[in-house]
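S.K.: Here is the input, now give the coordinates:
(one chain, ligands or ions: 1)
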Amino acid sequence: MNPPPFEISPPDMGPWLAGNTGTPGVWRWVADEPGRHVMVSALVHGNELCGAWAVRDLLSSGLRPRRGTLSVVLANLEAFARFDPQRPHVSRYLHTDLNRVWGDMPWRHDGTATGPEHRRALELLPHVEASDWLLDLHSMHEPGPPLALTGPLAHHAAHAAALGLGALRVADGGHKAGVRLRDHGRYGRAEAQEAFALLVECGYHGARSSVDVALDALARFLELSAVVDAADIPRHWWRDEGPADAPLLVVTDAVTVAPDSVPAFVRPWKSGDRVAKAGTLIGWNAALPVTTPYDDCVLVMPTLLHARPGATLVRFAHEANPS
Ligand SMILES: [Zn+2]
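M.R.: Numbers count the residues shown, from 1 in each chain. Next comes the predicted model:
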């Protein structure tokens, strides 16, 4: 199966690779007035270019916080440096997925911290833990509508709704393979009501539209955080269409690729596809049928592209009950 064509190339990050904090690729500005510490991160996966384009616009715009602190993080610079337009999917990471190493970080103590992503996570850790709000910009292996991944906590989903992104909002617990940046520390604790993290999947890795989605998410996030005023934000960052507020999708199951499995789907599914009947055959995993667990099941990020054992094949979700 061939991935769809790549329409975008990597931005020249030039002087923006350096950072101004002593950590390469990490920028921070502090306003005189108090306020939130807002972090925007891109390139947690080295081949997800939309966030790099958006962050380059942010950095070159000269935008500075009016209140609080603004941090900008270019996360996996080593993987990004190896981006190859002929093989755009292989520079996701070098050794370990940088979006599966957070949380309690057992790898710090059990001798498994061997790769550049472990070193990089420790460099980024104090910046992440100093932040109050986090926008983490990503893109996806497959074409599909933008997704706002809110994690399992209700106050994150509520803030995400207030952004008005027009993306499918998905409440999910992450991956068996490890903790995501967006779920790290306070961002994963229900009592930390002042903390808000959002992972936006802006569309397919190679889609030109993913850059527009990333900039729109950036504009809305900065405005809602109050770190800047709306009038400070370049007008062209916002997308024109007034997005409808779709119901929250709650992920109940993540199907993980089984050992020795070469999974298959009965048809090319995409995020947001809704399957009416429980027990409908979706595909095959280690020769076992994968079926929907309930009526009106919504598929989230079905993909065969990186379908190695232990990776997530598809997630099942239902609409949250209106409260
Ligand atoms: Zn990603």
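
S.K.: Let me see the ranges of the strands in the stretch 201-323 of the chain.
M.R.: Per DSSP state E, counting those that start in this stretch, the stretch 201-323 of the chain carries strands over the ranges 249-256, 264-265, 274-275, 281-285, 288-291, 297-300, 312-319.

S.K.: do the stretch 1-150 of the chain as well
M.R.: 26-30, 33-42, 67-74, 133-140, 147-149.

S.K.: what sits against the spatially most central residue of the chain?
M.R.: Nearest residue to the geometric centre of the chain (Cα atoms, centre = their mean): Leu199, 3.5 Å. When contacts are counted by Cβ atoms under 8 Å, 6 or more residues apart in numbering, Leu199 touches 136, 138, 148-149, 180-182. In short, each C-beta sits where N, CA and C put it, glycine included.

S.K.: what does the stretch 101-250 of the chain put close to the ion?
M.R.: Within the stretch 101-250 of the chain, the positions lying close to the ion (Cβ under 5 Å from the ion) are His138.

S.K.: burial count for the closest residue to the ion within the stretch 151-300 of the chain?
M.R.: Per Cβ to the ion, Glu201 is where the stretch 151-300 of the chain lies closest to the ion, at 7.2 Å. By the criterion of other Cβ atoms under 10 Å, Glu201 has 27 neighbours.

S.K.: Asp253 now?
M.R.: Neighbours around Asp253, by other Cβ under 10 Å: 15.

S.K.: for it, what are its contacts?
M.R.: 293, 315-316.

S.K.: which among the residues you listed gets closest to Ala161?
M.R.: Arg315 (19.8 Å; Cβ to Cβ).

S.K.: Could you check how far the closest one is from the ion?
M.R.: Per Cβ to the ion, to the nearest Å, Arg315 is found 15 Å from the ion.

S.K.: ok, how many other residues are close to that residue?
M.R.: 21.

S.K.: Now do the contacts for the spatially closest residue to it that is not a sequence neighbour.
M.R.: Among residues not flanking Arg315 along the chain, Val300 sits closest, at 4.0 Å (Cβ to Cβ, 6 or more residues apart in numbering). The neighbourhood of Val300, defined by Cβ under 8 Å, 6+ apart, consists of 147, 168, 170, 172, 249, 251, 271-272, 314-317.
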